[in-house]
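Student: From the sequence below, what's the structure:
(one chain, ligands or ions: 1)
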Amino acid sequence: MLTLNYTYRIYPDPAQQSLIQDWLETCRQVYNYSLREMKDWLASRKSLIDRCSLEKEYIIPAIVPFPSYQRQQDALPKAKKKFPRLAEIHSQVLQTTVRRLHDTWENFQKRSFGFPRFKKLGQFKSFVFPQFKTNPVTNFQIKLPKIGDVAIRLHRPIPDGFIVKQVRVLSKARFTQWYVVITIESDVSVPKAPAHGRAIGIDLGLERFLTASDNSSVERPKFLKSLQSRLKVLQRRTSRKKRHSLNWEKAQIKVAKLHHHIANTRIDFHLKTAHSLCEQAQTIFAEDLNPVGLNRGMLKKECVDASFGQFLSLLEWVCWKRGAYFSKVSPYGTSQTCPKCKVHVSKPLSQREHLCPECGYQTSRDHAAAEMVFLRGLENLVPKDFGEWKLPSNTVLSGAMSLDKWLSRNAQM
Ligand SMILES: [Zn+2]
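Tutor: As a prediction, the model looks like this:
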């Protein structure tokens, strides 16, 4: 079973827009109401049984069970009779809204952080139609239950053999732009390509966006930088306006639109880079992102982290689509090890050169890291029962190698 998410821009007419906004607001209230119920129940269990609760406003008898997903979902039909507003919404959309709260809650229990929060006005930006009996998408429209036919820009067709599983309706840029994320599914299983062809390792960095083990590199694009500084100007202008005034709202929309534009431009850059890597090699190794935070003591690390994460998942997807092999390797110490003699060479972040005191190997810091990624990737490929093995001597020198001969030789052993 293969599942993909395709995002398309939609253009609801003014009536549809206000309907979608109404739905989002009702969903928000349902979400907050259900969360309130959950929080009250939890609060009522906190006070000791033999004492009268003085601080607690709500006293819920001990026999009342926890408001589980099933209970809250079952309560929806009754609530609809009381609040006719709820009945205007497609019932499955309401159910998935409650489901969303419980997904957050269950994740919180697993990881013990990220307790579900109340959504403020305007913070609830999407809802989901979880089921479709027939294909709702034509070349220029998508049929959304109870909302009607909405114009869609189908910039790429839904591939043959896939069926529409669910549709998420999503607002961007403060309810001025609209999208649908269509989840499509196919029974056809596409096997992951085996490692083959030319292999490289890549290192992501701040100075250059990407350095490969064959010493090719991709610069950080200038247009993103200039867009970022434009964003700063707009944000400064917004901060000078009176909060919630008409001009403030207008400026906010401008900021939100630019954010959105930057995100799109970045995705575009990431996709192009991923495609050009696939032209360069058929087997690609990359560092897994360091879960502790980037090990290189970087500025604005959350921002960079998120961008690298996005690039790696797009790269994985592009590799899969183009039949290339992709694999992540452990990031620990890649920038502190000499790729030639494997000696530990510690260097501060400011030091951009790698110069090995043992073997005298000299190259740029990022290139040395990429070569280490490459070597680790190859190590992971070797089946364990082959025991000791050595790379052909030319591998390390070129930082890229053809795997085909090497793998077939190893398989014969
Ligand atoms: Zn060395």
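
Student: Output the below-cut-off pLDDT ranges for the stretch 101-250 of the chain.
Tutor: Applying pLDDT under 70 to the stretch 101-250 of the chain flags the ranges 188-191.

Student: Please repeat the previous calculation with a cut-off of 50.
Tutor: For the stretch 101-250 of the chain, no stretch is flagged by pLDDT under 50.

Student: so what's whichever residue of it sits closest to the ion up against?
Tutor: Nearest residue of the stretch 101-250 of the chain to the ion: residue 213, at 15.7 Å (CB to the ion). C-beta: built from backbone N, CA, C; applies to glycine. Applying CB atoms under 8 Å, 6 or more residues apart in numbering to residue 213 gives the contacts 200-202, 367, 370-371, 373-374, 399-400.

Student: thought residue 87 was touching residue 78?
Tutor: No - with contact defined as CB atoms under 8 Å, residue 87 does not reach residue 78; the gap is 11.5 Å.

Student: of the two, who's got more company?
Tutor: Taking neighbours as other CB atoms under 10 Å, residue 87 and residue 78 compare with residue 87 leading, 13 against 9.

Student: Quick check, pLDDT for the more buried one.
Tutor: Looking at residue 87, its pLDDT is 81.

Student: Which parts of this structure are helices?
Tutor: Using DSSP state H, the helices of the chain run over 14-44, 69-74, 76-82, 84-87, 91-111, 222-240, 246-280, 301-321, 365-381, 393-398, 403-412.

Student: how about the nearest residue to residue 271, chain neighbours excluded?
Tutor: Excluding its sequence neighbours, the residue lying closest to residue 271 (CB to CB, 6 or more residues apart in numbering) is residue 314, at 5.9 Å.

Student: Could you list the domains of this structure?
Tutor: 2-186, 198-412 (automatic domain parsing).

Student: closest to residue 192 out of these?
Tutor: domain 198-412 (6.8 Å; CB to CB).

Student: how about the nearest residue to the residue nearest the centre of the chain, chain neighbours excluded?
Tutor: Closest to where the C-alpha atoms of the chain average out (CA atoms, centre = their mean) is residue 310, at 5.9 Å. Excluding the flanking residues, the one nearest residue 310 by CB to CB, 6+ apart is residue 270, at 6.2 Å.

Student: Confirm for me that the one you found is in contact with residue 313.
Tutor: No - with contact defined as CB under 8 Å, residue 270 does not reach residue 313; the gap is 9.3 Å.

Student: between the two, who's got more neighbours?
Tutor: residue 270 (20 against 12).

Student: Could you report the distance from the more buried one to residue 324?
Tutor: 16 Å (CB to CB, to the nearest Å).

Student: cool, residue 40 as well?
Tutor: Applying CB to CB to residue 40 and residue 324 gives a distance of 53 Å.

Student: the more surrounded of these two?
Tutor: residue 324 (24 against 16).

Student: can you pull the contacts of that one?
Tutor: Residue 324 makes contact with 193, 197, 278, 281-284, 318 under the criterion CB under 8 Å, 6+ apart.

Student: Pull the most distant pair out of those residues.
Tutor: Across the contacts of residue 324, no pair lies farther apart than 197 and 318, at 15.3 Å, counting by CB to CB.

Student: the more surrounded of those two?
Tutor: Each of residue 197 and residue 318 has its neighbours counted (other CB under 10 Å); residue 318 has more, 21 against 15.

Student: ok, back up a step: now do the residue nearest to the centre of the chain, the pLDDT please.
Tutor: 83.

Student: do you know how far it is from the ion?
Tutor: 34 Å (CB to the ion, to the nearest Å).

Student: is it true that that residue touches residue 268?
Tutor: No - Residue 310 is beyond contact range of residue 268, at 11.7 Å (criterion: CB under 8 Å).

Student: which bits of the stretch 201-350 of the chain sit near the ion?
Tutor: By CB under 5 Å from the ion, the residues of the stretch 201-350 of the chain that approach the ion are 338, 340-341.

Student: which of those residues are buried?
Tutor: Buried residues within those, defined by neighbour count using 16 or more other CB atoms under 10 Å: 338, 340.

Student: And for residue 211, the neighbour number?
Tutor: 25.

Student: beta partners for it?
Tutor: Taking DSSP bridges as the rule, residue 211 bridges to residue 203, residue 217.

Student: Wait, it touches residue 202, no?
Tutor: Yes - counting by CB under 8 Å, residue 202 is a contact partner of residue 211 at 7.0 Å.

Student: what is in contact with those two at once?
Tutor: Counting by CB under 8 Å, 6+ apart, the residues touching both residue 211 and residue 202 are residue 370.

Student: if we can go back for a sec, out of the helices of the chain, flag the one nearest residue 288.
Tutor: Minimum separation from residue 288 across the helices of the chain (CB to CB) falls at helix 301-321, 8.2 Å.

Student: That closest one vs helix 246-280, what angle?
Tutor: Angle of helix 301-321 versus helix 246-280, following axes from the mean of the first three to the mean of the last three CA atoms, to 10 degrees, is 40 degrees.

Student: So which bits of helix 301-321 are buried?
Tutor: In helix 301-321, counting by 16+ other CB under 10 Å, buried: 304, 307-308, 311-312, 314-316, 318-320.
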